[in-house]
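Enquirer: Build me a model:
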Amino acid sequence: MSRLGRPPLEGLKRQLRNRRDHLSQAGKGDAGRPPRDSFVRETYTMERDEARQKAREWFEKFPKAAYWTQVESWRQLPDQRIEFTMRRLPTAD
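Expert: Numbering: from 1, shown residues only. Modelled structure (predicted):
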């Protein structure tokens with residue numbers, strides 16, 4: 001069995017460099033702002049059980065296979081509530 005070496009990183013480095021160059025050439029109002037995409041996002045802050053229920057509602061209303069629905073990010077706040085962002089496509093194909 002052969003051992004695979006690390007993949008070459010030059011392609012990734014080039015992509016990152018091109019993306020940074022593109023962002024730095026954007027208008028002054030775009031500086032520091034992530035690129036716009038077509039996803040719809042909503043951020044919630046709720047108790048843990050409520051947060052789970054809200055995420056389930058999203059997955060039921062916007063099925064993952066059609067809308068690419070996902071919990072984009074989440075964190076537990078000091079008061080034990082959960083802050084999370086749901087993401088989905090605006091329409092299904």
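
Enquirer: any idea which element Leu16 lies in?
Expert: Per DSSP states H and E, Leu16 falls inside helix 10-24.

Enquirer: tell me what whichever helix or strand comes after that helix is packed against?
Expert: Next in sequence after helix 10-24, counting helices and strands by DSSP H and E, comes strand 40-46. Strand 40-46 sits against helix 48-61, strand 82-88, with contacts defined as 3 or more CB pairs under 8 Å, 6 or more residues apart in numbering; DSSP states H and E. Glycine gets a C-beta too; all of them are placed from N, C-alpha and C.

Enquirer: tell me the most buried of the ones you listed?
Expert: strand 82-88 (a mean of 18; mean count of other CB atoms under 10 Å).

Enquirer: pLDDT (mean, whole number) over that strand?
Expert: Strand 82-88 shows a mean pLDDT of 96 in the predicted model.

Enquirer: Run through this protein and note the low-pLDDT ranges.
Expert: 1-4, 23-35, 93 (pLDDT under 70).

Enquirer: Might you report the residue contacts of the most centrally placed residue in it?
Expert: Ranked by distance to the mean C-alpha position of the chain (CA atoms, centre = their mean), the top residue is Glu72 at 4.3 Å. Listed by CB atoms under 8 Å, 6 or more residues apart in numbering, the contact set of Glu72 reads 41, 84-87.
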